[in-house]
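Enquirer: sequence-free structure coming up:
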């Protein structure tokens, strides 16, 4: 009986992690799509409205979009998990200038933190772990 219960818990856990991964990856890719489209309201819709980085992100997007065209590529997403209110993913992304003033192309390794808002995961903050300039 214990083996059956343990198996069911493991099976359920796999599906809930798969759902979490799909949700988090969806936020990351939507954020990227809106960024590539230079759609500030779209980008901001993927960021938690109470995030400490909300206004700074909005200001940065306005400056970025007015001066540059940059191509972003996601190379890797690893959803680490969640602990109730927060979810975590490690993301590797490259940025390459298409047009605009001087810019150093780079590859960024980051830990992104997500928090639910209105029952949807949204970006809360991120920690940059490593940056390599091309």
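Expert: It's in. Keep in mind that this is a model prediction, so the values were computed, not measured.
Enquirer: can you give me the strands in the protein?
Expert: 69-82, 86-99, 106-117, 120-133 (DSSP state E).
Enquirer: of all those, which lies closest to residue 23?
Expert: For the strands of the chain, proximity to residue 23 was assessed by Cβ to Cβ; strand 120-133 is nearest, at 5.1 Å. Quick note: C-beta positions are derived from backbone N, CA and C, even for glycine.
Enquirer: which helices and strands sit right next to the closest one?
Expert: Judged by 3 or more Cβ pairs under 8 Å, 6 or more residues apart in numbering; DSSP states H and E, strand 120-133 is in contact with helix 2-36, strand 86-99, strand 106-117.
Enquirer: who's in contact with the last one?
Expert: For strand 106-117, contacts defined as Cβ atoms under 8 Å, 6 or more residues apart in numbering pick out 24, 27-28, 48-51, 75, 85-95, 121-134.
Enquirer: on that earlier part again, between the helices and strands packed on strand 120-133, which gets the lowest average pLDDT?
Expert: Sorting the helices and strands packed on strand 120-133 by mean pLDDT places helix 2-36 lowest, at a mean of 74.
Enquirer: give the buried residues for stretch 98-110.
Expert: When neighbours are counted by 16 or more other Cβ atoms under 10 Å, the buried residues of stretch 98-110 are found to be 107-110.
Enquirer: starting at the chain centroid, how far to it?
Expert: 18 Å (Cα atoms, centre = their mean, to the nearest Å).
Enquirer: how far does it stretch from one end to the other?
Expert: End-to-end span of stretch 98-110 (Cα to Cα, to the nearest Å): 23 Å.
Enquirer: what residues are up against the residue positioned nearest the centre of the chain?
Expert: In the chain, the C-alpha nearest the mean C-alpha coordinate belongs to residue 28, at 3.7 Å (Cα atoms, centre = their mean). By Cβ under 8 Å, 6+ apart, the contact list for residue 28 reads 74, 77, 89, 91, 112.
Enquirer: if anything else comes up later, I'll come back, but that's it for now.
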